[in-house]
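Chemist: this one's structure only:
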């Protein structure tokens, strides 16, 4: 009898699918579209995007056919389409451990107020924000409390978690603060409760990378004189103090870091495709900018499976989880070597 009911539910879902409107979302500070990929994986329509970086807008338009607008400060709220979910990976420099951690005192930190401006005008039913781990600790958590407090004042139920890309199948230790908010109240937000086994680093590495990614013999000899790895392949990481460590995963990609701070087996830099794979971008994502810009874009991107899990939770709270489940089941096959 349970089996019959299960089949009946599937039949009802199939009949109702064309009648269920797709949720609409906007992609603020969009970069090259990590949020866009996550949202479309779940069956959402991305109807608006904006980013101040011209090269990121070129890559975004090429891959998604949607032309992002520019600086959010100059965009009027009435020019933004109505939407169900607002997505934003707002600038992380004011909160990053690499920066000065000035938080909202930094002019870039006040860009969060642009999000509040749009939320006040458009009243999306769901919100997903992404930033560096330090957002939850800067000024002893005061900045995050302020951000969550402003959303609560607008009537939203709010929660946050620090999530690590390593727990979502990516071989990259990238911890990010994820803030979610919904107008339907929730008691316990449905955060993911299980980890996804890490994809082996070897599955992401290109087999025959161009020789231009190999470091000079001087750099190679210096690294190997200072460190011996216990495993291969491994990502060798040199920190700001010059200490070298190696792991079967990468440390967090950074947009403005030295070209050589991450080396595969102490021999070569990661290729643009490998950098994108570490962020969860499928190989179907086409690289249209030069290596320098793509390295910057990958360093600024959101890890796709991390934000996809957060969006899925918001979709569940909005009562349309069947759409997300159906869309995940209908995903197209991912090219060999890529991560969905």
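Modeler: Good, I have the coordinates. Being a predicted model, the structure only gives us computed values, none of them experimental. Numbering: from 1, shown residues only.
Chemist: show me the shaky parts of the stretch 51-200 of the chain.
Modeler: For the stretch 51-200 of the chain, the stretches with pLDDT under 70 are 92-109.
Chemist: at 80 what do you get?
Modeler: Applying pLDDT under 80 to the stretch 51-200 of the chain flags residues 92-110.
Chemist: and the helices in it?
Modeler: 54-64, 112-122, 142-153 (DSSP state H, counting those that start in this stretch).
Chemist: kindly report the same for the stretch 201-340 of the chain.
Modeler: Assigned by DSSP H, counting those that start in this stretch, the helices in the stretch 201-340 of the chain fall at 201-204, 217-226, 272-278, 291-300, 304-317, 321-329.
Chemist: the helices of the stretch 51-200 of the chain: which one's closest to residue 79?
Modeler: Residue 79 lies closest, by C-beta to C-beta, to one member of these: helix 112-122, at 10.4 Å. The C-beta positions use only the backbone N, C-alpha and C, and glycine is treated the same way.
Chemist: show me the domain layout of the protein.
Modeler: Per automatic domain parsing, the structural domains of the chain span 14-198+298-329, 207-270.
Chemist: end-to-end on the last one?
Modeler: If I follow you right, that is domain 207-270. For domain 207-270, the first-to-last residue distance is 12 Å (C-alpha to C-alpha, to the nearest Å).
Chemist: the strands in the protein, which residues?
Modeler: Using DSSP state E, the strands of the chain run over 24-28, 45-50, 85-88, 126-132, 157-164, 172-173, 175-182, 235-238, 244-247, 250-251, 262-264.
Chemist: now render those strands as a markdown table, adding mean neighbour count.
Modeler: Below are the strands of the chain laid out as a markdown table (neighbours: other C-beta atoms under 10 Å):
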| stretch | mean neighbour count |
| --- | --- |
| strand 24-28 | 25 |
| strand 45-50 | 20 |
| strand 85-88 | 26 |
| strand 126-132 | 25 |
| strand 157-164 | 18 |
| strand 172-173 | 20 |
| strand 175-182 | 23 |
| strand 235-238 | 22 |
| strand 244-247 | 17 |
| strand 250-251 | 20 |
| strand 262-264 | 23 |
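Chemist: which one of the ones you listed lies nearest to residue 300?
Modeler: Closest among the strands of the chain, using C-beta to C-beta: strand 126-132, at 11.0 Å.
Chemist: still on that earlier bit, I'd like the strands of the chain as TSV, with distance to residue 311 appended.
Modeler: Formatted as TSV, the strands of the chain follow (distance: least, C-beta to C-beta, whole Å):
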stretch	distance to residue 311
strand 24-28	8
strand 45-50	11
strand 85-88	7
strand 126-132	6
strand 157-164	12
strand 172-173	19
strand 175-182	9
strand 235-238	28
strand 244-247	29
strand 250-251	24
strand 262-264	28
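Chemist: for residue 247, list each beta-bridge partner.
Modeler: residue 235 (DSSP bridges).
Chemist: so who does it touch?
Modeler: 173, 234, 235, 237 (C-beta atoms under 8 Å, 6 or more residues apart in numbering).
Chemist: can you rerun that using 10 Å?
Modeler: Applying C-beta atoms under 10 Å, 6 or more residues apart in numbering, we find residue 247 in contact with 171, 173, 201, 229, 230, 231, 234, 235, 236, 237.
Chemist: and residue 185, how many neighbours?
Modeler: Around residue 185 there are 9 other residues, counting by other C-beta atoms under 10 Å.
Chemist: wait, isn't it in contact with residue 156?
Modeler: Yes. Residue 185 is within contact range of residue 156, at 8.9 Å (criterion: C-beta atoms under 10 Å).
Chemist: still on that earlier bit, need the winner for burial among the helices of the stretch 51-200 of the chain.
Modeler: Ranked by mean neighbour count, these are led by helix 54-64 with a mean of 19 (mean count of other C-beta atoms under 10 Å).
Chemist: what about the closest residue in space to residue 52 that isn't next to it in sequence, how many residues nearby?
Modeler: In space, and not counting its chain neighbours, residue 52 is closest to residue 71: 4.8 Å by C-beta to C-beta, 6 or more residues apart in numbering. By the criterion of other C-beta under 10 Å, residue 71 has 12 neighbours.
Chemist: ok, now residue 278?
Modeler: Neighbourhood size, residue 278 [other C-beta under 10 Å]: 27.
Chemist: identify the residues contacting it.
Modeler: Residues counted as contacts of residue 278 (C-beta under 10 Å, 6+ apart) are 165, 170-172, 174, 199, 201, 204, 235, 249-250, 252-253, 262, 270, 298, 301, 303, 339.
Chemist: next one: the residue nearest to residue 52 from residue 256, what distance?
Modeler: Taking C-beta to C-beta, to the nearest Å as the measure, residue 71 falls 20 Å from residue 256.
Chemist: residue 270 touches residue 214, doesn't it?
Modeler: No. Distance between residue 270 and residue 214: 11.7 Å, which falls outside the contact criterion (C-beta under 10 Å).
Chemist: right, and the domains of the chain - which one's nearest residue 279?
Modeler: Residue 279 lies closest, by C-beta to C-beta, to one member of the domains of the chain: domain 14-198+298-329, at 4.6 Å.
Chemist: tell me which residue is most central in this protein.
Modeler: The C-alpha lying nearest the average C-alpha coordinate of the chain belongs to residue 302 (C-alpha atoms, centre = their mean; 1.9 Å).
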